[in-house]
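Asker: Model the structure of this input:
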Amino acid sequence: MRGFFSLLSKGALAALFLFVAGAALAQNATFTHEDLTIRSGEKTHKFTVELALSDDQRMQGLMFRKQMAPDAGMLFDFGESRRVQMWMENTILPLDMVFITRDGTVSSVHANAVPYSQAIIDSGAPVSFVLELNAGRAAALGIKAGDKVLSKQIGNAG
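Answerer: Numbering: from 1, shown residues only. As a prediction, this is how the structure comes out:
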């Protein structure tokens with residue numbers, strides 16, 4: 001019986017090591033940048049965003065970041081239109097999440113996502129992209145459903 005618990009402990013330790021190593025590797029994802037514009041009524045807002053295109057990049061996202069410039073963000077590309085669910089575990093920065101359809105139309109905005117929360121933030125409808133901005137930025141700029149997001153990654157900007 002003692003040998004069984006020894007094996008169990010070794011197995012549990014190995015699983016824990018793989019989990020921690022995987023999380024550490026995910027924190028090392030690198031991101032390319034591009035310019036992104038949001039048209040909200042008569043106003044135009046410009047951002048420089050990091051692109052989260054791969055599974056590793058989407059998994060890491062903005063986790064563990066302590067600050068982000070006011071005109072910065074991260075654009076998550078899911079490669080297809082589907083309902084998207086996000087959460088804030090290991091995310092230090094409070095964020096606004098802008099849910100975007102395939103053609104670049106803002107579907108909805110989830111304002112002020114709570115740092116470290118495990119609560120699910122659901123797009124509520126099929127989207128292809130999520131733009132994360134500093135919390136409060138969407139409201140300050142008047143970004144809302146129906147606005148247009150333009151970028152090369154979305155495919156609607158030159």
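Asker: Could the C-alpha coordinates of stretch 31-44 be exported in CSV?
Answerer: Output in CSV follows, covering the C-alpha atoms of stretch 31-44 (Å, rounded to 0.1, in the frame of the first residue of the first chain):
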residue,chain,number,x,y,z
PHE,A,31,2.8,39.0,-30.2
THR,A,32,2.9,41.0,-33.4
HIS,A,33,1.4,44.5,-33.5
GLU,A,34,-0.9,46.3,-35.9
ASP,A,35,-2.9,49.5,-36.1
LEU,A,36,-6.6,49.3,-35.4
THR,A,37,-9.3,51.9,-35.8
ILE,A,38,-12.8,52.1,-34.2
ARG,A,39,-15.4,54.3,-35.9
SER,A,40,-18.0,55.4,-33.4
GLY,A,41,-20.5,57.8,-34.9
GLU,A,42,-18.5,60.7,-36.3
LYS,A,43,-15.5,59.9,-34.1
THR,A,44,-12.5,57.8,-35.0
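Asker: Dihedrals phi and psi, the residue nearest to residue 36 when sequence neighbours are not counted?
Answerer: Spatially, and ignoring its direct neighbours in sequence, residue 36 is nearest to residue 151 (4.2 Å; Cβ to Cβ, 6 or more residues apart in numbering). (Each C-beta comes from the backbone N, C-alpha and C, glycine too.) Note on residue 151: backbone dihedrals following degrees, to the nearest 10 are phi -160, psi 160.
Asker: For burial, what's the neighbour tally of residue 151?
Answerer: Residues near residue 151, counting by other Cβ atoms under 10 Å, number 22.
Asker: OK, contacts around it?
Answerer: 34, 35, 36, 37, 49, 75, 104, 157 (Cβ atoms under 8 Å, 6 or more residues apart in numbering).
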